[in-house]
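Student: based on what follows, work out the 3D shape:
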Amino acid sequence: MLTLSAPAAALGKGNWLGSITLSGLAACLFLALVLGVRGSNRIKINTKEKVGGWALLTGSMCLAAGGNWRDVVTGIGTIPHNAVAQAGFDDWGSAGMAIFLSLIVFGPGWKRLMWPALFGLAASVYWTQAGGVGAILLNSARTALGSLGGAG
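Tutor: The predicted model follows:
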C-alpha cells in the first residue's frame, strides 16, 4: 500500500523528517552551509553569527555521523592545532583551542564568510573534545536534530 504521509507511530516517536540517518543530516547541513555562505537567494546564512552557529552544529553532526564526515571535520580541526604547535606554543588544551577558534569566528568583521565557516567547523571538534558546557550544548542540539529524523 502506498501512503503519502508517515505512519502515526513514527510521528509519535518524534520522527518528523522521515527516514534519515546522521550521515544524511550531516550532508544536508554541510550543503546548506556551503550554499548559504556562497550567497544563495533561498538559504540565508549571511552573517558571521549565523555562519558560526551553523558551522558548529554542522561540525557536531559530522562528528556524530562518523566515517568520512568525521574525517573531513577532524582534518579541518587539525589545521589550527598544527599551526599552534609549529609556531612553538605549548599545548592549549581542547577548551583553549575551542574558545580561541570561537573568538576568531565571532570576533572580527568578516568580508568573506567562508573563513568563519571553516573556523566554526574546526571549533566544533574542540568543543566536542573539551567536554563541559560547550559539548553539552552541541550534543543537545545534535540529539534534538537527530531525533527529528529518527537518526541514531
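Student: report all helices and strands that the helix ranked longest in the chain contacts.
Tutor: Longest helix in the chain, counting residues (DSSP state H): helix 67-86. When contacts are defined as 3 or more Cβ pairs under 8 Å, 6 or more residues apart in numbering; DSSP states H and E, helix 67-86 sits against helix 22-38, helix 48-65, helix 93-106, helix 114-130. All C-beta spots, glycine's among them, are computed from the backbone N, C-alpha and C.
Student: now render those as CSV, adding distance to residue 85 and mean pLDDT.
Tutor: As requested, the helices and strands packed on helix 67-86 are arranged in CSV below (distance: least, Cβ to Cβ, whole Å; pLDDT from 0 to 100):
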stretch, distance to residue 85, mean pLDDT
helix 22-38, 27, 90
helix 48-65, 21, 90
helix 93-106, 11, 91
helix 114-130, 14, 91
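Student: between these, which one is closest to residue 144.
Tutor: Closest approach to residue 144 among the helices and strands packed on helix 67-86 is made by helix 48-65 (10.1 Å; Cβ to Cβ).
Student: packing partners for the closest one?
Tutor: Using 3+ Cβ pairs under 8 Å, 6+ apart: helix 48-65 touches helix 22-38, helix 67-86, helix 93-106, helix 114-130, helix 132-148.
Student: off-centre distance for it?
Tutor: Put simply, helix 48-65 sits 2 Å off its chain's centre (Cα atoms, centre = their mean, to the nearest Å).
Student: equivalent analysis for stretch 110-124, please.
Tutor: That offset, for stretch 110-124, works out to 11 Å (Cα atoms, centre = their mean).
Student: out of the helices and strands packed on helix 67-86, nearest to residue 141?
Tutor: So among these, helix 48-65 is nearest, using Cβ to Cβ, at 5.5 Å.
Student: buried residues of the closest one, list them for me.
Tutor: 48, 50-65 (16 or more other Cβ atoms under 10 Å).
Student: okay, residue 13: pLDDT?
Tutor: pLDDT, residue 13: 55.
Student: so which bits of stretch 105-113 are buried?
Tutor: 105, 106, 110, 113.
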